[in-house]
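Asker: predicted model follows, preceded by the sequence.
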Amino acid sequence: MSIQHYIRRMVVAVVLAVSALGAYAQEPTVRGSFSRDSIEVGDRVDFILDIEADRATTILAPYFGDMLTVEEAKKRSEAKRQISTYEEYDEDLYELIEDFPIDTVEIDGRRLHLRKRYRLAVMETGRIPMLPAIAYYAKNRDVADTLFSADTLYLHVASYAELDTTLFLKADPTSEQGIGVDGELASEMLRDEGIHSQKDLPFIFAEVRDYVAYGAIALILLALVVWLVVWYVRRYKALRGVVVKPGPQIPPHVVAIKALEELGHRKLWQNGKYKLYYTSLSDILRAYIAGRWGVGAMEMTTDEIIAALRDVELSIDSRANLVAIMRTADMVKFAKAEPAAEENEDNFTKAYYFVENTKQQSVTLNEDKQEITIDTKIGE
């Protein structure tokens, strides 16, 4: 064997060894642990996965509550049974409360130390097993592999039975003292298994997060109410003693004349809208009558309006014009009549003059037959 051939074989051996070491380096490891070895039923505990893997390895941490297909569940069950310490258990015994993201704990060259944490609750009692596991994609592989820890974890979950107050009753309820409580037994149980042990538990903000949020909202609402009360009190003090005088009331005839002018501009009957025209015309007169004489004309029929105005001093023409307008309006609204153009214009004119001829005259104050106006000088 020549030296060159020997060197070539040595190079090949080194390359194969390095490749084997690289492949080995890509194999991840997983260890699991609980933050506490024992809890009471309903309490929460952290489940921690410590994973070491190559940079090129993709880690898929398990998700509690995932539904597996029948084939996936079968493969997973077969892989578990290859582990000597594995014990069958129901994974649904662990209820996921909070899922924390994966943290990078340490970096050593191409090797990563990762940590995944879950917050779990257990509603069953006894010695509950847990087999740590992860899924991962090795470099240049399209199929995920499942890796199980070599050791099965156990979490001891104690019941509340020891805290049942009936266990504190004295053994002889027929004694002279009757039914009573064994204070020493109760104190011993509470000290060892119950309330006293709760003070050693770590503070978990997630357990009070909702209460903190509700409390913050309540404080904000309370501050808003206090601010509104202060603002109202200050404004009340600022306005106290100030007399607010109402503005002058617009005379009914002014409102009616303005409404008639707007009705004329709308040209309703000219566009075939007879019902709308006469409804508007009669409503203007009803509102004027209500404001002028205090008659509830808006809720009255034509006959009721005529009867209500019987004792009101009106000229014969004004009374006749009002009756004519209201009767025509009833015919249009209820009998679908379509008066001629001359009649429509005539009724509009009658309404205008009814208002003008019946409006309340302004009162002029005179003193020694001299009109008092706004220009009258004070003191004259």
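Answerer: Happy to help now that I have it.
Asker: now do the strands in the stretch 151-300 of the chain.
Answerer: Remark: strands assigned in the stretch 151-300 of the chain by DSSP state E, counting those that start in this stretch are 153-158.
Asker: where does it have low pLDDT?
Answerer: 160-207, 237-247 (pLDDT under 70).
Asker: is Glu27 in a helix, a strand, or coil?
Answerer: Following DSSP: H, G, I helix; E, B strand; the rest coil, we place Glu27 in the coil state.
Asker: what about it, neighbour count?
Answerer: Here the number of neighbours of Glu27 (other Cβ atoms under 10 Å) works out to 14. (Each C-beta comes from the backbone N, C-alpha and C, glycine too.)
Asker: next one: Asp37
Answerer: 11.
Asker: that one against His156, yeah?
Answerer: Yes - if you go by Cβ atoms under 8 Å, Asp37 and His156 touch, sitting 6.3 Å apart.
Asker: ok, now which ones touch Gly296?
Answerer: For Gly296, the contacting residues are Ala290, by Cβ atoms under 8 Å, 6 or more residues apart in numbering.
Asker: swap in Pro251?
Answerer: Residues near Pro251 by Cβ under 8 Å, 6+ apart: Gly291, Lys359, Gln360.
Asker: partners of whatever helix or strand Tyr136 lives in, with directions?
Answerer: Assigned by DSSP states H and E, Tyr136 falls within strand 133-137. As defined by DSSP bridges, the strand partners of strand 133-137 come to strand 58-60 (antiparallel), strand 145-148 (antiparallel).
Asker: list the buried residues of the shortest one.
Answerer: Neighbour-count burial for strand 58-60, counted by 16 or more other Cβ atoms under 10 Å, picks out Ile59.
Asker: show me the helices in the chain, by range?
Answerer: Ranges of helices in the chain, per DSSP state H, are 3-25, 70-81, 183-193, 195-198, 209-239, 252-266, 274-293, 302-308, 316-335, 341-358.
Asker: can you lay out the contacts of Pro251 as JSON lines showing neighbour count and distance to Gly126?
Answerer: Shown next, in JSON lines, are the contacts of Pro251 (neighbours: other Cβ atoms under 10 Å; distance: Cβ to Cβ, whole Å):
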{"residue": "Gly291", "neighbour count": "19", "distance to Gly126": "88"}
{"residue": "Lys359", "neighbour count": "16", "distance to Gly126": "97"}
{"residue": "Gln360", "neighbour count": "11", "distance to Gly126": "96"}
